[in-house]
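K.L.:
Based on what follows, work out the 3D shape:
(chains A and B)
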Amino acid sequence: MINSNEIIDDIANKEYEFGFSTDIEMDIAPPGLNEDIIRFISAKKNEPEWLLEWRLKGFAAFKKMEFPKWQHFEMPKLDLQALSYYAAPKKKIQLNSLDEVDPELLATFAKLGIPLNEQKALTGVAVDAVFDSVSVATTFKGKLKEMGVIFCSFGEAVQEHPDLVKKYLGSVVPHTDNIFAALNAAVFSDGSFVYIPKGVRCPMELSTYFRINAQNTGQFERTLIIADDNSYVSYLEGCTAPMRDENQLHAAVVELIALEQAEIKYSTVQNWYPGDKDGKGGIYNFVTKRGICKGAASKISWTQVETGSAITWKYPSVILQGDHSEGEFYSVAVVRNKQIADTGTKIHHIGKGTKSRIISKGISAGRGDNSYRGLVSVGPRADNARNFTQCDSLLIGNQCGSHTFPYIESRNKTAMIEHEATTSKIGEDQIFYLNQRGIDSEKAVALIVNGYVKEVLNQLPMEFAVEAQKLLSITLEGSVG
Amino acid sequence: MLTIKNLHAEVEGKKILKGINLEINKGEMHAIMGPNGSGKSSLASVLAGRDNYTVTEGEVWFNGKNLLDMAPEERAREGVFLAFQYPVEIPGVSNLNFLKTALNEIRAYKGLPALEAREFLKLTKEKQQLVDFHSNLMNRSLNEGFSGGEKKRNEIFQLAMLNPQLAILDETDSGLDIDALRIVSNGVNKLRDAEKSFVVITHYQRLLEYIIPDFVHVLYNGRIIKTGTKELALELEERGYDWLKEELHLKESV
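P.N.:
Numbers count the residues shown, from 1 in each chain, chains lettered A, B, ... in the order given. Presented below is the predicted three-dimensional model:
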């Protein structure tokens, strides 16, 4: 992995010599964040004027903002001027064979049972023309089109469906929301766009994995999903394999819009590079995810399994605007070595009879530090709002940390809000008991952890759940004894 | 099958076992009795490999292999089973899933393929009936919220499922009412065969009315001070341990 990074750095530096203003064909822009680069990105993508305006507004907001200080970790020093904000899509380093890939990465693939072709795609090895998923993707695309489902890259949506994009872009996460959302608004690279028409139940799980052309969309991804009246969609983000990734900062934005009686299920399995055991390197995963249940009786459900990244910092949230709408948040966050997670959710009950359910399972091992931070707010109009929160922490070893910051704000007397929390430790007694039945310590931990997170994994689509389970075992390997 | 020679062990610097010698052959039922703090449960823990015990002297051989060289899970896979005095609760892990994992780990160690779901369930049903274990406990989390009696019965059920060569029952009778005691004992008796050996650790002779031992050993102050047959247990019930202590002039070291 280090080698490929070096190669990429080399190339990045080489391209820099040519400078971007003179060479329209260049792949990587020079470091630096300014209006010119934003105009350049927008022009490169052939964007309409209104979108450029919006980006510039985002940039203006960004300039006025400072990094937050309330988080439960030391903010890493980020030099945003040192980053390059444009790289041509899909011109990745291509390795010739898997022999050139980090053997440790390959060992993990083997444990996860990732097919060879997929391994190649993930590590950037040139893939044969007969790559199964390509044909699968084509078949899927045809079927989706028949039903009127739009599933494409964000860039494509801007060109093909500008009205929809214009109507909903920034409607849930405004460009002024927070410093990273503002940054994303200014420089977002690409991402995914989904529109499910009225009354359509999307017949398959939508996943970026099947949308080959949108891979490698970079560090400032933007996803917009709109479920029209009475529709349903389940969307999978990410991949259980460790992604080769040369970007340190990831500041993505995801917006979900559920109209009347629509349902959106959004699942994430995140396994980015966590840094080494001393906490060197690793991804900063600073993502803003928010959904709005705009229509009555609509529903949004977030499920996340977060095992990677040096710092995971995000609060997938739901605004329950429509009466009787429902929001859910299921989360497993694992930290080990020196990883940090500060994650949770915000649920805003605005409409009458709105319901929410929060199940958070934190697992801390090594010197990892895990925080659950959550807000449940009930507005004055939200009669008979209901919330149930369960927030569990599991500790492995005695050097890790686990913290809970639940906030509850209720401005309606009829609201019912429940909060349950537990902290437990994988005890030596438990491990010994399982040892005595022939189960070694690694498997014992896996068994206990999988039992602990079952309620969340059950929310994931079947295949994803199986992979997530394997991933958890691998992540926690060596964390005991 | 099991040979213990001059076994010494300590925990946190405190000497607990001070020279245990014991020979157990195939198919034998040994009872180990003794007053509180004599080292009975420590012996069980040392044999199972609990890591807060340090063996300072002596040897333990199991089917010709050095047991003390093995990790706890290897001992289990070799066929040493400990029925715990205080079975541990593991929330979220179903009894069924736990047993399947354990069974297949042991099978893999022996070079056998994992049991298919259907075979596994068949075996489960059969053993449930054998030791009279409620099927509604199968899908519950391992020992979580089980009553004391249910936990002990679960130990015997696991014993039936895993079918070890040597089963050490550490005060399995403690905390059981008379009905539960009978059910547990019946289970153990049904599992006795010519290949399997038992070490039953108990305070009370009561258990030995149901499970008839071939040998009774009295453990006192880290040593076996007397070995006899089931009649010895009756004598202990009647006379307590003091006469033995006197007999051995050990009273001053209490």
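K.L.:
can we go C-alpha only for contacts and neighbour counts from here?
P.N.:
OK.
K.L.:
Show me which residues of the stretch 251-400 of chain A sit near chain B.
P.N.:
Taking Cα under 8 Å from any Cα of the partner chain, no part of the stretch 251-400 of chain A reaches chain B.
K.L.:
residue in the stretch 251-400 of chain A nearest to chain B?
P.N.:
residue A:394 (11.5 Å; Cα to the nearest Cα).
K.L.:
Name all residues that make contact with the residue nearest the centre of chain B.
P.N.:
By Cα atoms, centre = their mean, chain B has its centre lying nearest to residue B:168, at 1.8 Å. Contacts for residue B:168 (Cα atoms under 8 Å, 6 or more residues apart in numbering or on different chains) come out as B:44, B:80, B:81, B:82, B:83, B:198, B:199, B:200, B:201.
K.L.:
Phi, psi for it please.
P.N.:
Backbone geometry at residue B:168, expressed as degrees, to the nearest 10, gives phi -110, psi 120.
K.L.:
how close does it get to chain A?
P.N.:
11 Å (Cα to the nearest Cα, to the nearest Å).
K.L.:
and residue B:164, how many neighbours?
P.N.:
Residue B:164: 22 surrounding residues under other Cα atoms under 10 Å in any protein chain shown.
K.L.:
my guess is it meets residue B:193, correct?
P.N.:
No. Between residue B:164 and residue B:193 there is no contact under Cα atoms under 8 Å: 11.3 Å.
K.L.:
Identify the bridge partners of the residue nearest to the centre of chain B.
P.N.:
Following DSSP bridges, residue B:168 is listed with bridge partners residue B:82, residue B:199.
K.L.:
Which positions in the stretch 151-254 of chain B make contact with chain A?
P.N.:
So far as Cα under 8 Å from any Cα goes, the stretch 151-254 of chain B does not lie against chain A anywhere.
K.L.:
The host helix or strand of residue A:300 pairs with which strands, and in what direction?
P.N.:
Per DSSP states H and E, residue A:300 falls inside strand A:299-306. Using DSSP bridges, the strands paired with strand A:299-306 are strand A:263-270 (parallel), strand A:326-335 (parallel).
K.L.:
Tell me the helix or strand right after that strand.
P.N.:
Per DSSP H and E, the helix or strand that comes after strand A:299-306 is strand A:311-314.
K.L.:
what is the mean pLDDT for that following strand?
P.N.:
If you average the pLDDT over strand A:311-314, you get 92.
K.L.:
got it, and stretch A:52-60?
P.N.:
95.
K.L.:
Report the buried residues of that stretch.
P.N.:
A:52, A:54, A:55, A:56, A:57, A:58, A:59, A:60 (16 or more other Cα atoms under 10 Å in any protein chain shown).
K.L.:
Residues contacting it, please?
P.N.:
Taking contacts as Cα under 8 Å, 6+ apart, the residues outside stretch A:52-60 that touch it are A:35, A:38, A:39, A:42, A:175, A:176, A:182, A:183, A:184, A:185, A:186, A:187.
K.L.:
Quickly find the element holding the fourth one.
P.N.:
Residue A:42 belongs to helix A:35-44 when assigned by DSSP H and E.
K.L.:
Residue B:133 in helix, strand or coil?
P.N.:
Under DSSP: H, G, I helix; E, B strand; the rest coil, residue B:133 falls in the coil class.
K.L.:
ok, now which ones touch it?
P.N.:
Listed by Cα under 8 Å, 6+ apart, the contact set of residue B:133 reads B:153, B:154, B:157.
K.L.:
Surely residue A:433 is within a helix?
P.N.:
Yes. Assessed by three-state DSSP, residue A:433 belongs to a helix.
K.L.:
In helices only, show me the contacts of residue B:133.
P.N.:
B:153, B:154, B:157 (DSSP state H).
K.L.:
residue contacts, the second one?
P.N.:
Contact criterion Cα under 8 Å, 6+ apart gives B:133, B:143 as the residues in contact with residue B:154.
K.L.:
Check what pLDDT it gets.
P.N.:
So residue B:154 comes in at 95 (pLDDT).
K.L.:
re earlier: the contacts of residue B:168: which two are farthest apart?
P.N.:
B:80 and B:201 (14.9 Å; Cα to Cα).
K.L.:
from the stretch 151-254 of chain B, which residue is nearest to chain A?
P.N.:
For the stretch 151-254 of chain B, Cα to the nearest Cα, closest residue to chain A: residue B:162, 8.1 Å.
K.L.:
nearest residue to that residue other than its sequence neighbours?
P.N.:
Leaving aside its chain neighbours, residue B:162 sits nearest to residue B:103 (6.0 Å; criterion: Cα to Cα, 6 or more residues apart in numbering or on different chains).
K.L.:
Residue A:201 now?
P.N.:
With Cα to Cα, 6+ apart, the residue lying closest to residue A:201 is residue A:232, at 4.7 Å.
K.L.:
so what's the one you found scoring on pLDDT?
P.N.:
97.
K.L.:
now it: how far from chain B?
P.N.:
For residue A:232, the distance to chain B - Cα to the nearest Cα - is 31 Å.
K.L.:
number of nearby residues for that residue?
P.N.:
With other Cα under 10 Å as criterion, residue A:232 counts 24.
K.L.:
so what's it up against?
P.N.:
A:196, A:200, A:201, A:202, A:262, A:263, A:264.
K.L.:
The nearest residue to residue B:141 once chain neighbours are set aside: neighbour count?
P.N.:
For residue B:141, ignoring the flanking residues on the chain, the nearest one in space by Cα to Cα, 6+ apart is residue B:94 at 4.1 Å. Per other Cα under 10 Å, the neighbour tally for residue B:94 reads 21.
K.L.:
Is it correct that residue B:94 is in contact with residue B:138?
P.N.:
Yes. Applying Cα under 8 Å, one finds residue B:94 in contact with residue B:138, separated by 7.1 Å.
K.L.:
on that earlier part again, looking at the strands paired with strand A:299-306, which is buried most?
P.N.:
Highest mean neighbour count among these (mean count of other Cα atoms under 10 Å in any protein chain shown): strand A:326-335, with a mean of 27.
K.L.:
next structured bit after it?
P.N.:
Moving toward the C-terminus from strand A:326-335, the next helix or strand (DSSP H and E) is strand A:340-349.
K.L.:
May I have the strands that pair with that following strand, each with its orientation?
P.N.:
strand A:311-314 (parallel), strand A:317-320 (parallel), strand A:369-378 (parallel).
K.L.:
which residues are in contact with the first one?
P.N.:
In other words, strand A:311-314. Taking Cα under 8 Å, 6+ apart as the rule, strand A:311-314 contacts A:274, A:282-289, A:306, A:339-345.
K.L.:
quick one: buried residues of stretch A:391-401?
P.N.:
Buried positions in stretch A:391-401, judged by neighbour count with 16+ other Cα under 10 Å: A:391, A:392, A:393, A:394, A:395, A:396, A:397, A:400, A:401.
K.L.:
Any chance of TSV for those, columns distance to residue B:18, secondary structure and pLDDT?
P.N.:
Formatted as TSV, these follow (distance: Cα to Cα, whole Å; DSSP: H, G, I helix; E, B strand; the rest coil; pLDDT from 0 to 100):
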residue	distance to residue B:18	secondary structure	pLDDT
A:391	49	strand	94
A:392	45	strand	93
A:393	43	strand	93
A:394	39	strand	92
A:395	37	strand	91
A:396	35	coil	88
A:397	33	coil	84
A:400	39	coil	90
A:401	42	strand	90
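K.L.:
Most widely separated two among those residues?
P.N.:
Maximum distance among the buried residues of stretch A:391-401 (Cα to Cα): 19.8 Å, for A:391 and A:397.
K.L.:
Using CSV, write out the CA atom coordinates for stretch A:405-423.
P.N.:
What follows is stretch A:405-423, C-alpha atoms only, in CSV (Å, rounded to 0.1, in the frame of the first residue of the first chain):
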residue,chain,number,x,y,z
PHE,A,405,-23.2,11.9,25.3
PRO,A,406,-27.0,11.6,24.9
TYR,A,407,-28.9,14.8,24.5
ILE,A,408,-32.7,14.9,24.9
GLU,A,409,-34.7,18.1,24.2
SER,A,410,-38.4,17.8,24.5
ARG,A,411,-40.8,20.7,24.0
ASN,A,412,-44.0,18.6,24.0
LYS,A,413,-45.6,17.2,27.0
THR,A,414,-47.0,14.2,25.2
ALA,A,415,-43.7,12.9,24.0
MET,A,416,-42.3,9.6,25.3
ILE,A,417,-38.6,9.2,25.2
GLU,A,418,-36.8,6.2,26.5
HIS,A,419,-33.0,5.8,26.9
GLU,A,420,-31.3,2.6,27.9
ALA,A,421,-27.6,2.2,28.2
THR,A,422,-25.3,-0.6,29.2
THR,A,423,-21.5,-1.0,29.5
